[in-house]
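Participant: Here is a sequence with its predicted model. Questions after.
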Amino acid sequence: MKIMVAFDGTNVSNEALKIGREYATAMNARVYLVMSMVGGPEVPRQKFVKHEHILDFAQAQFMEAKIPCETHLSVRGLEAGEDLVQFARENEIDLIVIGVRRRSKVGKIVFGSTAQYVVLKAPCPVLSVK
């Protein structure tokens with residue numbers, strides 16, 4: 001089984017990490033930690049390196065628990081939701097775990113919601129975590 005955890009270093013994505021670890025342990029699954037950076041090749045190298053370190057720190061938690069885990073920092077230039085869904089399709093992911101931030105209805109309309117996009121477009125079940 002393949003579990004993708006959408007991770008961006010926020011508190012809600014840290015909660016998604018915890019749930020991802022629990023599910024991976026219970027299901028003897030491989031975990032893919034995926035972070036999407038909007039901006040594509042124009043992302044400054046310093047920001048890219050910072051995000052790689054955040055992913056490495058998260059990966060260490062899975063490795064300590066002896067859970068197979070890969071990290072992927074995607075900079076394809078897509079919006080985060082599109083990028084995550086595309087990654088799930090390309091890698092035949094069985095379950096996506098994603099954190100959901102509380103936002104007002106107006107905030108969702110104006111800014112959109114990565115988690116909402118993933119829930120609606122994902123090719124597999126999505127577990128949302130608050």
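Facilitator: It's in. Not measured: the values here are computed from a predicted model. Residues are numbered from 1 along each chain as shown.
Participant: can you give me the helices for the chain?
Facilitator: For the chain, applying DSSP state H gives helices covering 11-27, 45-64, 80-90, 105-111, 114-121.
Participant: Need these in a markdown table (columns: mean neighbour count, mean pLDDT and distance to Ser74).
Facilitator: The C-beta positions use only the backbone N, C-alpha and C, and glycine is treated the same way. Below are the helices of the chain laid out as a markdown table (neighbours: other Cβ atoms under 10 Å; pLDDT from 0 to 100; distance: least, Cβ to Cβ, whole Å):
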| stretch | mean neighbour count | mean pLDDT | distance to Ser74 |
| --- | --- | --- | --- |
| helix 11-27 | 18 | 94 | 15 |
| helix 45-64 | 14 | 90 | 10 |
| helix 80-90 | 20 | 95 | 5 |
| helix 105-111 | 10 | 47 | 20 |
| helix 114-121 | 18 | 90 | 13 |
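Participant: Of those, which is nearest Gly39?
Facilitator: helix 45-64 (8.5 Å; Cβ to Cβ).
Participant: and that closest one, how far out from the chain's middle?
Facilitator: Put simply, helix 45-64 sits 13 Å off its chain's centre (Cα atoms, centre = their mean, to the nearest Å).
Participant: quick one, it and helix 11-27 angle?
Facilitator: Per axes from the mean of the first three to the mean of the last three Cα atoms, to 10 degrees, the angle that helix 45-64 makes with helix 11-27 is 30 degrees.
Participant: for helix 45-64, packing partners?
Facilitator: Other helices and strands packing on helix 45-64, by 3 or more Cβ pairs under 8 Å, 6 or more residues apart in numbering; DSSP states H and E, are helix 11-27, strand 30-36, strand 69-74.
Participant: how about it as CSV, C-alpha atoms only?
Facilitator: Output of helix 45-64 as CSV, limited to C-alpha atoms (Å, rounded to 0.1, in the frame of the first residue of the first chain):
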residue,chain,number,x,y,z
ARG,A,45,17.5,28.1,-4.5
GLN,A,46,17.5,29.2,-0.9
LYS,A,47,13.8,28.6,-0.5
PHE,A,48,14.1,25.2,-2.2
VAL,A,49,16.9,24.2,0.2
LYS,A,50,14.9,25.3,3.2
HIS,A,51,12.0,23.2,2.1
GLU,A,52,14.2,20.2,1.5
HIS,A,53,15.5,20.4,5.1
ILE,A,54,11.9,20.5,6.4
LEU,A,55,11.1,17.4,4.4
ASP,A,56,14.2,15.6,5.7
PHE,A,57,13.2,16.4,9.3
ALA,A,58,9.7,14.9,8.7
GLN,A,59,11.2,11.9,6.9
ALA,A,60,13.4,11.2,9.9
GLN,A,61,10.3,10.6,12.0
PHE,A,62,9.2,7.8,9.7
MET,A,63,12.7,6.3,9.4
GLU,A,64,12.9,6.1,13.3
